[in-house]
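Student: show me how the following folds:
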Amino acid sequence: MAERVTLTSSTKSLRNPYYVGFWTQTTPAWDWWCGVSPDYRVYMNTRDGRSEIEQVLPEFLQPGTYTFAVKVYRTYGPFAVNVNADVVVGNTVLTPDTSSSPEPALGTNMLWTQTYSIAATNPLMGYPLKIRLGAGGPGMGEQRQVAYDDVSIAWLAPKIVAVTLTNHTITLDLNYLIPSATTVIQRTHSLPSANWSNVHSFVTIQAATNWTEQVDGAREGAFYRVVSHY
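Tutor: Sure, this is the predicted structure:
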């Protein structure tokens, strides 16, 4: 079965000095300050302008499920307005399936998370991934602040998350299926022989599902795996 895959070079902490230089300011340098401090956090102080910073990752969009996370800090003063932490493909900001972005209390931080289900038919397939952080806007009239740390993005492959056997019936719970891709359940009775055969095939239309079959009592054992074609 497929395992969770963490993008090796795309899962980054801002505390790793190697990646600090990859952040690029993308907004005009007026009436704001934006940069990476000695503690490797990205800080943004805004008043009447907007700060944005982004990093182009060495990976490209592929079908599957992505999870994006970042710690958002409010270290002092009023919290910045229009704070965003986005995954961008090309010049398109991806719309998450789920999103959690609670505002931190003064002197604390909160974990922001987003998930994305990328269909095999997505027209942005093959374009590079970016992470974009931003805050601020015109006419605030006072200095506001936000900081970011521990940015990460991970891709999750289709996988069997649970197996149950009841009255000679086996049920496989599947998750992270790829929308618009053909998912195949395969079975073998001997791992060393690697003689896998298709026992079910369907086009996935949702993130999670299950599949059931009767088990032949005369068989000594069976092994299953899930494969997606796109």
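Student: mind listing what's buried in stretch 146-156?
Tutor: Neighbour-count burial for stretch 146-156 flags 146-153, 155-156 (criterion: 16 or more other C-beta atoms under 10 Å). Every C-beta, even on glycine, is put in place using the N, C-alpha and C of the backbone.
Student: so how far is it off the chain centroid?
Tutor: Distance, stretch centre to chain centre, for stretch 146-156: 9 Å (C-alpha atoms, centre = their mean, to the nearest Å).
Student: can I get that stretch in CSV, CA atoms only?
Tutor: Output in CSV follows, covering the C-alpha atoms of stretch 146-156 (Å, rounded to 0.1, in the frame of the first residue of the first chain):
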residue,chain,number,x,y,z
VAL,A,146,2.5,39.1,12.4
ALA,A,147,5.2,36.5,12.3
TYR,A,148,5.4,33.0,10.7
ASP,A,149,7.5,29.9,11.5
ASP,A,150,7.6,26.2,10.8
VAL,A,151,6.1,26.2,7.3
SER,A,152,5.5,22.8,5.9
ILE,A,153,3.7,21.1,3.0
ALA,A,154,3.3,17.4,2.5
TRP,A,155,1.7,15.2,-0.2
LEU,A,156,-0.3,12.2,0.9
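Student: okay, domains of the protein per the record?
Tutor: For the chain, automatic domain parsing gives the domain ranges 4-156, 159-229.
Student: any idea of the mean pLDDT in the shortest one?
Tutor: For domain 159-229, the mean per-residue pLDDT is 80.
Student: just the longest one next, same as before
Tutor: Mean pLDDT, taken over the full extent of domain 4-156, equals 76.
Student: chain center to that domain: distance?
Tutor: Between the centre of domain 4-156 and the centre of its host chain there is 12 Å, according to C-alpha atoms, centre = their mean.
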